[in-house]
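Enquirer: Quick one: sequence and predicted model below, then my questions.
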Amino acid sequence: MVARVFIDGEAGTTGLQIRERLATRRDIELLSIPDHLRKDVSAKADILNSADAAILCLPDAAAKESVSLISNDTTRVIDASTAHRVADGWEYGFAEMDKSQSSRIASATRVANPGCWPQGVIAFVRPLIAAGLLPADYRLTVNGISGYSGGGKSMIEAYEKAGDKANVFLPYGLSFNHKHLPEMKRYSTLENEPLFVPAVGNYYKGMLTSVPLQLSTLDKVPTGAELHAAIADHFAVVPGGFVDVAPLADLERAGELSPQTHNGTNGMSLHVFANDARAQAVLIATYDNLGKGASGAAVQNLNLMLGVDETTSLAA
Ligand SMILES: NC(=O)C1=CN([C@@H]2O[C@H](COP(=O)(O)OP(=O)(O)OC[C@H]3O[C@@H](n4cnc5c(N)ncnc54)[C@H](OP(=O)(O)O)[C@@H]3O)[C@@H](O)[C@H]2O)C=CC1
Ligand SMILES: CC(=O)N[C@@H](CCC(=O)OP(=O)(O)O)C(=O)O
(Lines give C-alpha, C1' and ligand atoms only; values in the text may rest on other atoms or scores of the structure.)
(Ligands and ions follow the chains in the order given, each with its own letter.)
Protein backbone atom coordinates (compact mmCIF):
# COMPACT_ATOMS: atom_id res chain seq x y z
CA MET A 1 0.00 0.00 0.00
CA VAL A 2 1.22 3.50 -0.83
CA ALA A 3 0.82 5.96 2.05
CA ARG A 4 -0.15 9.54 1.24
CA VAL A 5 2.10 11.85 3.28
CA PHE A 6 1.82 15.63 3.56
CA ILE A 7 4.77 17.63 4.91
CA ASP A 8 3.27 20.86 6.25
CA GLY A 9 6.09 23.43 6.15
CA GLU A 10 8.04 21.56 3.48
CA ALA A 11 9.95 24.71 2.50
CA GLY A 12 11.53 25.08 5.95
CA THR A 13 14.76 23.57 7.27
CA THR A 14 13.20 20.46 8.82
CA GLY A 15 10.52 20.03 6.15
CA LEU A 16 13.05 20.09 3.32
CA GLN A 17 15.18 17.44 4.98
CA ILE A 18 12.20 15.16 5.50
CA ARG A 19 11.19 15.65 1.90
CA GLU A 20 14.68 14.63 0.75
CA ARG A 21 14.58 11.56 2.96
CA LEU A 22 11.19 10.48 1.57
CA ALA A 23 11.48 11.57 -2.06
CA THR A 24 12.73 8.23 -3.36
CA ARG A 25 10.39 6.03 -1.32
CA ARG A 26 8.09 3.93 -3.49
CA ASP A 27 5.80 3.18 -0.54
CA ILE A 28 5.08 6.89 -0.08
CA GLU A 29 3.22 9.42 -2.21
CA LEU A 30 4.19 12.92 -1.14
CA LEU A 31 1.25 15.34 -1.23
CA SER A 32 2.14 18.94 -1.88
CA ILE A 33 0.42 22.27 -1.73
CA PRO A 34 1.11 25.04 -4.29
CA ASP A 35 3.54 27.54 -2.79
CA HIS A 36 1.10 30.47 -2.89
CA LEU A 37 -1.46 28.41 -0.94
CA ARG A 38 0.85 26.91 1.66
CA LYS A 39 -0.55 29.13 4.44
CA ASP A 40 -4.14 29.10 3.12
CA VAL A 41 -6.31 27.51 5.78
CA SER A 42 -8.91 26.05 3.45
CA ALA A 43 -6.35 24.53 1.04
CA LYS A 44 -4.49 23.18 4.01
CA ALA A 45 -7.60 21.63 5.54
CA ASP A 46 -8.29 19.78 2.28
CA ILE A 47 -4.83 18.34 1.95
CA LEU A 48 -4.47 17.50 5.64
CA ASN A 49 -7.74 15.57 5.57
CA SER A 50 -6.78 13.66 2.45
CA ALA A 51 -3.43 12.49 3.85
CA ASP A 52 -2.78 9.22 5.65
CA ALA A 53 -0.04 10.99 7.58
CA ALA A 54 0.88 14.64 8.03
CA ILE A 55 4.29 15.74 9.28
CA LEU A 56 4.15 19.24 10.72
CA CYS A 57 7.39 21.24 10.35
CA LEU A 58 5.98 24.55 11.47
CA PRO A 59 6.22 27.10 14.26
CA ASP A 60 4.18 26.02 17.31
CA ALA A 61 1.12 28.19 16.63
CA ALA A 62 0.87 27.05 13.01
CA ALA A 63 1.27 23.41 14.12
CA LYS A 64 -1.65 23.80 16.54
CA GLU A 65 -3.73 25.38 13.79
CA SER A 66 -2.98 22.51 11.40
CA VAL A 67 -4.01 19.93 13.98
CA SER A 68 -7.27 21.82 14.52
CA LEU A 69 -8.01 21.60 10.78
CA ILE A 70 -8.06 17.79 10.82
CA SER A 71 -11.68 16.73 11.04
CA ASN A 72 -11.38 12.99 10.33
CA ASP A 73 -10.01 10.17 12.43
CA THR A 74 -7.78 8.73 9.72
CA THR A 75 -5.04 11.34 9.24
CA ARG A 76 -2.19 10.50 11.58
CA VAL A 77 0.12 13.31 12.67
CA ILE A 78 3.79 13.69 13.51
CA ASP A 79 4.43 17.18 14.89
CA ALA A 80 8.08 18.34 14.77
CA SER A 81 7.31 21.47 16.77
CA THR A 82 7.28 21.97 20.54
CA ALA A 83 3.51 22.41 20.64
CA HIS A 84 2.44 18.92 21.74
CA ARG A 85 5.43 17.30 23.41
CA VAL A 86 3.91 17.22 26.86
CA ALA A 87 0.27 17.40 25.71
CA ASP A 88 -2.38 14.83 26.60
CA GLY A 89 -3.24 12.42 23.81
CA TRP A 90 0.20 12.69 22.18
CA GLU A 91 2.86 9.98 22.17
CA TYR A 92 6.46 11.16 22.62
CA GLY A 93 8.43 10.30 19.49
CA PHE A 94 11.75 9.21 21.01
CA ALA A 95 11.53 5.55 19.97
CA GLU A 96 14.53 4.40 22.01
CA MET A 97 13.26 6.04 25.21
CA ASP A 98 12.25 2.65 26.58
CA LYS A 99 11.65 -0.78 25.25
CA SER A 100 7.96 -0.33 24.48
CA GLN A 101 8.08 3.22 23.10
CA SER A 102 8.48 2.15 19.47
CA SER A 103 5.32 0.04 19.67
CA ARG A 104 3.45 2.91 21.34
CA ILE A 105 4.51 5.18 18.47
CA ALA A 106 3.54 2.51 15.93
CA SER A 107 -0.06 2.49 17.14
CA ALA A 108 -0.43 6.21 17.85
CA THR A 109 -2.43 8.68 15.79
CA ARG A 110 -0.64 11.72 17.26
CA VAL A 111 3.13 11.67 17.73
CA ALA A 112 5.19 14.60 19.00
CA ASN A 113 8.70 14.51 17.59
CA PRO A 114 11.14 15.22 20.42
CA GLY A 115 13.22 18.35 20.77
CA CYS A 116 16.83 17.99 19.76
CA TRP A 117 18.37 18.83 23.16
CA PRO A 118 16.04 16.70 25.31
CA GLN A 119 16.83 13.51 23.41
CA GLY A 120 20.47 13.53 24.54
CA VAL A 121 19.45 14.18 28.14
CA ILE A 122 16.63 11.63 28.28
CA ALA A 123 18.82 8.95 26.70
CA PHE A 124 21.12 9.09 29.76
CA VAL A 125 19.02 10.21 32.67
CA ARG A 126 15.91 8.06 32.26
CA PRO A 127 17.87 4.77 32.45
CA LEU A 128 19.98 6.03 35.37
CA ILE A 129 16.91 6.99 37.41
CA ALA A 130 15.19 3.69 36.51
CA ALA A 131 18.28 1.80 37.70
CA GLY A 132 18.28 3.71 40.99
CA LEU A 133 21.71 5.25 40.32
CA LEU A 134 20.45 8.82 40.13
CA PRO A 135 17.63 10.10 42.37
CA ALA A 136 14.65 11.70 40.61
CA ASP A 137 15.23 14.86 42.66
CA TYR A 138 18.84 15.23 41.43
CA ARG A 139 19.60 18.86 40.50
CA LEU A 140 20.75 18.22 36.96
CA THR A 141 22.76 20.60 34.80
CA VAL A 142 22.94 20.29 31.02
CA ASN A 143 25.07 22.10 28.47
CA GLY A 144 26.13 21.57 24.89
CA ILE A 145 26.61 22.96 21.44
CA SER A 146 24.44 22.85 18.31
CA GLY A 147 24.98 23.91 14.73
CA TYR A 148 23.11 27.06 13.75
CA SER A 149 20.56 25.20 11.60
CA GLY A 150 18.94 24.35 14.97
CA GLY A 151 17.50 27.85 14.91
CA GLY A 152 15.75 27.34 11.57
CA LYS A 153 15.70 29.65 8.53
CA SER A 154 16.18 32.91 10.40
CA MET A 155 19.25 31.75 12.35
CA ILE A 156 20.74 30.17 9.22
CA GLU A 157 20.36 33.46 7.37
CA ALA A 158 21.93 35.43 10.22
CA TYR A 159 24.95 33.11 10.50
CA GLU A 160 25.48 32.88 6.77
CA LYS A 161 25.36 36.65 6.50
CA ALA A 162 27.91 37.08 9.31
CA GLY A 163 30.22 34.36 7.93
CA ASP A 164 33.56 34.20 9.76
CA LYS A 165 32.50 37.16 11.88
CA ALA A 166 29.78 35.13 13.60
CA ASN A 167 30.44 34.08 17.18
CA VAL A 168 32.14 30.66 17.19
CA PHE A 169 30.53 29.66 20.51
CA LEU A 170 27.51 31.55 21.76
CA PRO A 171 25.70 30.46 24.95
CA TYR A 172 21.99 31.30 24.79
CA GLY A 173 18.77 30.66 26.69
CA LEU A 174 20.33 32.58 29.56
CA SER A 175 16.99 33.43 31.15
CA PHE A 176 16.75 29.67 31.85
CA ASN A 177 13.28 29.31 30.37
CA HIS A 178 14.20 27.21 27.34
CA LYS A 179 11.17 25.66 25.60
CA HIS A 180 12.69 22.18 25.97
CA LEU A 181 12.70 22.13 29.79
CA PRO A 182 9.23 20.59 30.27
CA GLU A 183 9.92 17.59 28.02
CA MET A 184 13.45 17.15 29.49
CA LYS A 185 11.92 16.92 32.94
CA ARG A 186 8.94 14.74 32.06
CA TYR A 187 10.66 12.07 29.97
CA SER A 188 13.87 11.99 31.97
CA THR A 189 11.50 11.30 34.94
CA LEU A 190 13.14 14.11 36.91
CA GLU A 191 11.25 15.95 39.63
CA ASN A 192 12.80 19.30 38.68
CA GLU A 193 13.72 21.04 35.46
CA PRO A 194 17.48 21.05 34.81
CA LEU A 195 19.70 24.12 34.71
CA PHE A 196 20.24 24.20 30.95
CA VAL A 197 22.93 26.28 29.20
CA PRO A 198 22.87 25.52 25.46
CA ALA A 199 25.24 27.11 22.97
CA VAL A 200 25.22 27.58 19.24
CA GLY A 201 28.39 27.33 17.14
CA ASN A 202 29.42 28.81 13.82
CA TYR A 203 28.85 25.64 11.79
CA TYR A 204 25.73 24.34 10.06
CA LYS A 205 24.62 21.19 11.82
CA GLY A 206 25.44 18.56 14.41
CA MET A 207 25.22 18.74 18.19
CA LEU A 208 26.80 17.59 21.40
CA THR A 209 24.74 17.42 24.60
CA SER A 210 26.64 17.15 27.87
CA VAL A 211 25.38 16.18 31.34
CA PRO A 212 28.00 16.65 34.11
CA LEU A 213 27.40 14.70 37.35
CA GLN A 214 28.78 15.60 40.79
CA LEU A 215 28.34 12.08 42.14
CA SER A 216 29.72 12.97 45.58
CA THR A 217 26.43 14.75 46.33
CA LEU A 218 24.56 11.43 46.20
CA ASP A 219 23.81 9.25 49.26
CA LYS A 220 25.15 6.23 47.40
CA VAL A 221 27.91 7.11 44.94
CA PRO A 222 27.79 5.01 41.76
CA THR A 223 30.97 4.13 39.91
CA GLY A 224 31.49 5.04 36.27
CA ALA A 225 31.20 1.34 35.42
CA GLU A 226 27.78 1.20 37.10
CA LEU A 227 26.55 4.29 35.23
CA HIS A 228 27.80 2.90 31.94
CA ALA A 229 26.32 -0.56 32.55
CA ALA A 230 22.87 0.87 33.34
CA ILE A 231 22.87 2.88 30.11
CA ALA A 232 24.24 0.00 28.01
CA ASP A 233 21.71 -2.44 29.56
CA HIS A 234 18.87 -0.05 28.73
CA PHE A 235 19.78 0.24 25.04
CA ALA A 236 20.57 -3.49 24.75
CA VAL A 237 16.87 -4.31 25.22
CA VAL A 238 15.45 -1.51 23.07
CA PRO A 239 14.31 -3.07 19.80
CA GLY A 240 15.99 -1.69 16.68
CA GLY A 241 16.93 1.89 17.15
CA PHE A 242 19.70 4.23 16.23
CA VAL A 243 21.46 4.82 19.55
CA ASP A 244 24.86 3.30 20.28
CA VAL A 245 26.68 3.26 23.59
CA ALA A 246 30.46 3.77 23.36
CA PRO A 247 32.80 1.83 25.66
CA LEU A 248 33.20 3.35 29.15
CA ALA A 249 35.59 6.30 29.39
CA ASP A 250 37.01 5.60 26.01
CA LEU A 251 39.67 8.27 26.36
CA GLU A 252 41.32 7.24 23.14
CA ARG A 253 38.13 8.18 21.34
CA ALA A 254 37.56 11.29 23.46
CA GLY A 255 39.75 13.32 21.13
CA GLU A 256 37.45 12.34 18.29
CA LEU A 257 34.30 13.54 20.05
CA SER A 258 32.60 15.91 17.67
CA PRO A 259 29.12 17.35 17.41
CA GLN A 260 29.32 16.60 13.70
CA THR A 261 30.04 12.85 13.98
CA HIS A 262 26.54 11.81 12.92
CA ASN A 263 25.81 14.51 10.37
CA GLY A 264 23.44 13.36 7.65
CA THR A 265 22.37 10.26 9.60
CA ASN A 266 19.84 9.31 12.24
CA GLY A 267 22.52 8.03 14.64
CA MET A 268 23.24 9.04 18.22
CA SER A 269 26.29 7.99 20.25
CA LEU A 270 26.38 8.01 24.04
CA HIS A 271 29.68 8.39 25.92
CA VAL A 272 30.29 8.01 29.66
CA PHE A 273 33.47 9.47 31.16
CA ALA A 274 34.08 9.07 34.89
CA ASN A 275 36.72 9.48 37.58
CA ASP A 276 35.68 7.29 40.51
CA ALA A 277 38.28 8.73 42.91
CA ARG A 278 36.89 12.21 42.34
CA ALA A 279 33.26 10.97 42.19
CA GLN A 280 32.71 12.91 38.98
CA ALA A 281 31.31 11.92 35.60
CA VAL A 282 30.14 13.49 32.39
CA LEU A 283 27.67 11.98 29.95
CA ILE A 284 28.04 13.18 26.36
CA ALA A 285 25.69 12.49 23.46
CA THR A 286 26.51 13.34 19.83
CA TYR A 287 23.93 13.46 17.02
CA ASP A 288 22.72 15.60 14.11
CA ASN A 289 20.19 18.24 15.18
CA LEU A 290 18.62 17.88 11.73
CA GLY A 291 18.91 14.05 11.83
CA LYS A 292 18.02 12.30 15.09
CA GLY A 293 17.24 15.77 16.43
CA ALA A 294 14.50 16.41 13.85
CA SER A 295 14.03 14.94 10.36
CA GLY A 296 15.66 11.55 11.00
CA ALA A 297 13.50 10.99 14.07
CA ALA A 298 10.39 12.11 12.15
CA VAL A 299 11.07 9.59 9.37
CA GLN A 300 11.85 6.90 11.98
CA ASN A 301 8.48 7.62 13.60
CA LEU A 302 6.69 7.62 10.26
CA ASN A 303 8.23 4.24 9.46
CA LEU A 304 7.06 2.85 12.78
CA MET A 305 3.53 4.19 12.17
CA LEU A 306 3.45 2.74 8.65
CA GLY A 307 4.85 -0.58 9.84
CA VAL A 308 7.94 -0.27 7.66
CA ASP A 309 11.10 -2.07 8.76
CA GLU A 310 13.29 0.79 9.97
CA THR A 311 16.56 -0.98 9.41
CA THR A 312 15.90 -1.34 5.71
CA SER A 313 13.91 1.83 5.07
CA LEU A 314 15.90 4.30 7.08
CA ALA A 315 18.55 5.49 4.78
CA ALA A 316 17.67 8.61 6.78
N1 LIG B 1 15.95 23.16 12.96
C2 LIG B 1 16.02 22.19 13.84
O3 LIG B 1 17.13 21.67 14.16
C4 LIG B 1 14.78 21.65 14.45
C5 LIG B 1 13.53 22.24 14.32
N6 LIG B 1 12.43 21.65 14.92
C7 LIG B 1 11.10 22.22 14.87
O8 LIG B 1 10.55 22.06 13.59
C9 LIG B 1 9.68 23.16 13.31
C10 LIG B 1 10.19 23.81 12.04
O11 LIG B 1 11.49 24.28 12.33
P12 LIG B 1 12.50 24.68 11.19
O13 LIG B 1 12.31 23.82 10.02
O14 LIG B 1 13.83 24.75 11.84
O15 LIG B 1 11.97 26.16 10.90
P16 LIG B 1 12.11 27.05 9.59
O17 LIG B 1 11.93 28.45 10.07
O18 LIG B 1 13.34 26.71 8.85
O19 LIG B 1 10.86 26.60 8.72
C20 LIG B 1 9.52 26.77 9.11
C21 LIG B 1 8.69 26.80 7.84
O22 LIG B 1 7.31 26.84 8.19
C23 LIG B 1 6.70 27.80 7.30
N24 LIG B 1 5.45 28.25 7.88
C25 LIG B 1 5.26 29.12 8.90
N26 LIG B 1 3.93 29.25 9.17
C27 LIG B 1 3.29 28.44 8.28
C28 LIG B 1 1.92 28.12 8.04
N29 LIG B 1 0.94 28.65 8.77
N30 LIG B 1 1.63 27.22 7.07
C31 LIG B 1 2.60 26.66 6.30
N32 LIG B 1 3.91 26.94 6.48
C33 LIG B 1 4.25 27.80 7.46
C34 LIG B 1 7.74 28.86 7.17
O35 LIG B 1 7.48 29.68 6.06
P36 LIG B 1 7.83 31.26 6.15
O37 LIG B 1 9.31 31.34 6.38
O38 LIG B 1 7.38 31.77 4.82
O39 LIG B 1 7.03 31.79 7.30
C40 LIG B 1 9.00 28.01 6.98
O41 LIG B 1 9.16 27.61 5.65
C42 LIG B 1 9.75 24.11 14.48
O43 LIG B 1 8.65 23.92 15.32
C44 LIG B 1 11.03 23.71 15.19
O45 LIG B 1 10.92 23.96 16.57
C46 LIG B 1 12.56 20.46 15.54
C47 LIG B 1 13.77 19.87 15.72
C48 LIG B 1 14.98 20.46 15.24
C1 LIG C 1 20.48 26.21 18.04
C2 LIG C 1 19.01 26.39 18.39
O3 LIG C 1 18.49 27.49 18.45
N4 LIG C 1 18.32 25.29 18.64
C5 LIG C 1 16.92 25.34 18.99
C6 LIG C 1 16.39 23.96 19.14
C7 LIG C 1 16.11 23.27 17.87
C8 LIG C 1 15.38 21.99 18.11
O9 LIG C 1 15.70 20.95 17.67
O10 LIG C 1 14.36 22.06 18.89
P11 LIG C 1 12.85 22.24 18.48
O12 LIG C 1 12.46 20.99 17.90
O13 LIG C 1 12.15 22.42 19.76
O14 LIG C 1 12.81 23.41 17.61
C15 LIG C 1 16.67 26.02 20.32
O16 LIG C 1 17.47 25.87 21.23
O17 LIG C 1 15.58 26.56 20.48
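Expert: Sure thing, it's come through. Numbering: from 1, shown residues only. Ligands and ions are numbered 1, 2, ... in the order given.

Enquirer: contacting residues for the residue in the stretch 151-300 of the chain that ligand 2 sits nearest to?
Expert: Proximity of the stretch 151-300 of the chain to ligand 2 (C-beta to the nearest ligand atom) peaks at Gly151, 3.6 Å away. The C-beta positions use only the backbone N, C-alpha and C, and glycine is treated the same way. Taking C-beta atoms under 8 Å, 6 or more residues apart in numbering, we find Gly151 in contact with Val200.

Enquirer: And what about it, helix, strand or coil?
Expert: helix (DSSP: H, G, I helix; E, B strand; the rest coil).

Enquirer: Ligand 2 contacts on this protein?
Expert: 82, 115-116, 146, 150-151, 155, 179-180, 198, 200, 289, 293-294 (C-beta under 6 Å from any ligand atom).

Enquirer: Greatest separation within those residues: which pair is it?
Expert: Greatest spacing in the residues of the chain next to ligand 2, by C-beta to C-beta: Thr82 and Val200 (17.1 Å).

Enquirer: These two: which is more packed in?
Expert: Using other C-beta atoms under 10 Å, the more surrounded residue of Thr82 and Val200 is Val200, with 25 against 19.

Enquirer: what's across from that one in the sheet?
Expert: Ser146, Leu170 (DSSP bridges).

Enquirer: Give me the distance between it and Ser154.
Expert: Distance of Val200 to Ser154, given as C-beta to C-beta, to the nearest Å: 12 Å.

Enquirer: all helices of the stretch 151-300 of the chain, in order?
Expert: 152-162, 181-188, 224-236, 251-254, 296-306 (DSSP state H, counting those that start in this stretch).

Enquirer: Next, format the residues of the chain next to ligand 2 as CSV and append distance to ligand 1.
Expert: Output for the residues of the chain next to ligand 2, formatted as CSV (distance: C-beta to the nearest ligand atom, whole Å):
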residue, distance to ligand 1
Thr82, 6
Gly115, 6
Cys116, 5
Ser146, 7
Gly150, 4
Gly151, 7
Met155, 8
Lys179, 8
His180, 10
Pro198, 12
Val200, 11
Asn289, 4
Gly293, 5
Ala294, 3
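
Enquirer: Quick one, which of those residues are buried?
Expert: Among the residues of the chain next to ligand 2, those classed as buried by 16 or more other C-beta atoms under 10 Å are 82, 115-116, 146, 150-151, 155, 180, 198, 200, 289, 293-294.

Enquirer: want to throw these into a markdown table with pLDDT?
Expert: Below are those laid out as a markdown table (pLDDT from 0 to 100):
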| residue | pLDDT |
| --- | --- |
| Thr82 | 98 |
| Gly115 | 98 |
| Cys116 | 98 |
| Ser146 | 98 |
| Gly150 | 97 |
| Gly151 | 96 |
| Met155 | 98 |
| His180 | 98 |
| Pro198 | 98 |
| Val200 | 98 |
| Asn289 | 97 |
| Gly293 | 97 |
| Ala294 | 96 |
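
Enquirer: now, among these, which is nearest to Ala23?
Expert: Nearest member of those to Ala23, counting by C-beta to C-beta, is Ala294, at 16.9 Å.

Enquirer: give me every residue that touches that closest one.
Expert: Thr14, Gln17, Ala80, Asn113, Cys116.

Enquirer: Tell me which of the residues you listed fall in strands.
Expert: Using DSSP state E, no member of these falls within strands.

Enquirer: Kindly indicate the member of those with the most neighbours.
Expert: Within the contacts of Ala294, Asn113 tops the neighbour count with 31 neighbours, counted by other C-beta under 10 Å.
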